[in-house]
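Trainee: predicted model and sequence below, questions to follow.
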Amino acid sequence: MIVDPSLPILVVDDYQTMVRIIRNLLKQIGFENVDEASNGAEALAKIEKRHYGLIISDWNMEPMTGFQLLQKVREFKDRAEIPFIMVTAESKTDNVVAARKAGVNHYIVKPFNAVTLKSKIDAVFAPVAA
């Protein structure tokens, strides 16, 4: 399946360099419509104002973690279905399980490249086999 390159994407990370890296990787694979937020609270404010087609969020942020952001997004009536990819430097099984239970669509462990990011985005938007 080909994902619409005009899809609005929100990148959430408290580390500006990582936001820039993800934005550049998205650009490499054809996505130009990218907004950014430096923490979960800022992301929530943006999500309330605009309907995003995908959220890519870091796990470890203060004061609201990416996991807490995921939980909040899943509570929104009209935003709960937004695909959500969690980015983290840690691949702890407990975290992966917790994120899955909370409704994360995919998980990326840092460091990663454009090929990995594209495969995760493609997987999120792949039709579910019956």
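Mentor: The structure has been received and is ready for your questions.
Trainee: torsion angles phi and psi at the residue at minimal distance from the centre of the chain?
Mentor: The centroid of the chain falls nearest to residue 56 when counting by Cα atoms, centre = their mean (1.6 Å). Per-residue torsions, residue 56: phi -120, psi 110 (degrees, to the nearest 10).
Trainee: test my guess that it contacts residue 7.
Mentor: No. Contact criterion Cβ atoms under 8 Å: residue 56 and residue 7 do not qualify, at 11.5 Å. The way it works is simple: take the backbone N, C-alpha and C, and place the C-beta from them, glycine included.
Trainee: what's the worst-scoring helix or strand of the chain on mean pLDDT packed up against?
Mentor: The weakest-scoring helix or strand in the chain, judged by mean pLDDT, DSSP states H and E, is helix 93-102 (a mean of 89). Counting contacts by 3 or more Cβ pairs under 8 Å, 6 or more residues apart in numbering; DSSP states H and E, helix 93-102 packs against helix 66-75.
Trainee: continuing past the helix it packs on, what's the next helix or strand?
Mentor: Downstream of helix 66-75, the first helix or strand assigned by DSSP states H and E is strand 84-88.
Trainee: the inter-axis angle of that following strand versus helix 93-102?
Mentor: Between strand 84-88 and helix 93-102, the angle comes out at 170 degrees (axes from the mean of the first three to the mean of the last three Cα atoms, to 10 degrees).
Trainee: many thanks, we can stop here.
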